[in-house]
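> with the sequence up front, the predicted model follows.
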Amino acid sequence: MDVSKTGGKAYDIQGSAVIRQTGGASPASPSVKSGGGRAMGPVDTVFLSEQASRALSVDLSAKAFSMGATASPELAAAVKDMDKIIPAMQRHGEEASRYMEKLSALARDKFGLGDNVSIMTSGAGNAMLDNLAKENGLEKPEIPEILKESGLLKDDSEADAQSRTGLLSLSVTAAGDPDFGKRMDLAFDRQAKVPADKQTLVALTNGDPATAGTSNSIKNGVLAGLTDLGAGDGASLFAITDGGKDGKATVAASIRSVGMNDRVDSSALDLLKMIGNYLPG
């Protein structure tokens with residue numbers, strides 16, 4: 001299992017795991033695991049918050065200690081209560097790892113995904129997975145108070161629950177897999193209330209005047225920060241709208257596909273409906 005906590009908030013299920021990432025930024029390309037393929041056994045990788053990363057990168061050398069806390073406030077902050085912080089971090093990491101393992105199995109079952117497909121979520125997508133867990137009796141581990149008080153970790157659940165936009169990204173990240181590099185990013189707008197029977201998948205072609213208005217709506221709208229409109233890597237672009245005229249249609253979601261056009265055609269509308277079903281509120 002590969003569980004990562006980035007500098008903000010996002011869940012990423014890789015193989016049998018979940019990563020949680022900051023909302024608002026365009027999704028990065030999937031990382032490649034070293035060693036030529038998927039590890040044979042579980043591998044726990046934990047990326048901490050920005051504050052935690054700074055704390056763990058503090059110079060703890062003898063020279064730094066000799067200079068004293070006044071010369072190195074970062075050192076003072078890192079050392080304070082370290083006898084309590086380290087065990088709390090270890091316990092929370094173990095609890096979060098077990099939680100993510102169960103959540104990954106649940107998400108795969110609900111979304112009908114194979115073992116070779118990784119999932120990443122951001123913003124309201126995180127809230128969707130949190131709520132999916134809650135509805136199925138999975139209790140999310142609480143962050144220990146000492147980790148919150150020290151600024152090493154913080155709970156972003158409430159911010160995710162209030163987020164207007166979210167991301168669900170599917171990708172094949174295992175080196176050696178014949179589908180390696182294929183990816184589908186679905187960014188959605190919770191305030192775009194498009195009834196299920198009105199949802200329409202629209203293929204967006206660069207330079208095509210017939211879809212230029214919809215492309216501009218995405219480029220200049222709330223989904224812009226989560227949507228890469230570039231056609232690099234042979235990507236194809238899509239939108240899910242209410243079926244209205246180009247430029248006047250309500251855009252419920254934008255989609256960027258690299259090698260997953262068949263999945264977009266067959267399941268994008270169903271994925272958006274499922275996301276809506278599992279969102280809180």
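Received it, and whenever you're ready, just let me know what you need. None of these values were measured; they are calculated from a predicted model.
> tell me, how many residues neighbour residue 256?
The tally of other residues near residue 256 (other Cβ atoms under 10 Å) stands at 26. Every C-beta, even on glycine, is put in place using the N, C-alpha and C of the backbone.
> to clarify, my last question referred to residue 100.
When neighbours are counted by other Cβ under 10 Å, residue 100 registers 30.
> tell me the SS of it?
What DSSP: H, G, I helix; E, B strand; the rest coil gives for residue 100 is helix.
> how much space between it and residue 106?
Applying Cβ to Cβ, to the nearest Å, one obtains 10 Å for the distance of residue 100 from residue 106.
> kindly report the same for residue 152.
Using Cβ to Cβ, which is the criterion applied here, residue 152 is 28 Å from residue 106.
> and these two? Which one has more around it.
Legend: neighbour count by other Cβ under 10 Å for residue 152 and residue 106, higher for residue 152 (25 against 17).
> sticking with the more buried one, tell me its helix or strand.
Residue 152 is part of no helix or strand when elements are defined by DSSP states H and E.
> give me the pLDDT for it.
With respect to pLDDT, residue 152 scores 81.
> my read: it touches residue 82, true?
No: judged on Cβ atoms under 8 Å, residue 152 makes no contact with residue 82 at a distance of 10.8 Å.
> ok, which stretches of the chain are helices?
50-56, 62-67, 73-79, 82-111, 124-135, 145-149, 157-162, 212-219, 261-278 (DSSP state H).
> not counting residues beside it along the chain, what's closest to residue 245?
Using Cβ to Cβ, 6 or more residues apart in numbering and skipping residues adjacent in sequence, the residue nearest residue 245 is residue 213, 7.9 Å away.
> and the one you found, how far is that from residue 222?
Distance, residue 213 to residue 222, by Cβ to Cβ: 16 Å.
> how about residue 83?
Taking Cβ to Cβ as the measure, residue 83 falls 46 Å from residue 222.
> more neighbours: the two, which one.
When residue 83 and residue 222 are compared for neighbours, residue 222 comes out ahead with 17 against 8, by other Cβ under 10 Å.
> which residues does the more buried one contact?
Applying Cβ atoms under 8 Å, 6 or more residues apart in numbering, we find residue 222 in contact with 164, 165, 189, 191.
> mind running it again at 6 Å?
Residues counted as contacts of residue 222 (Cβ atoms under 6 Å, 6 or more residues apart in numbering) are 165, 189.
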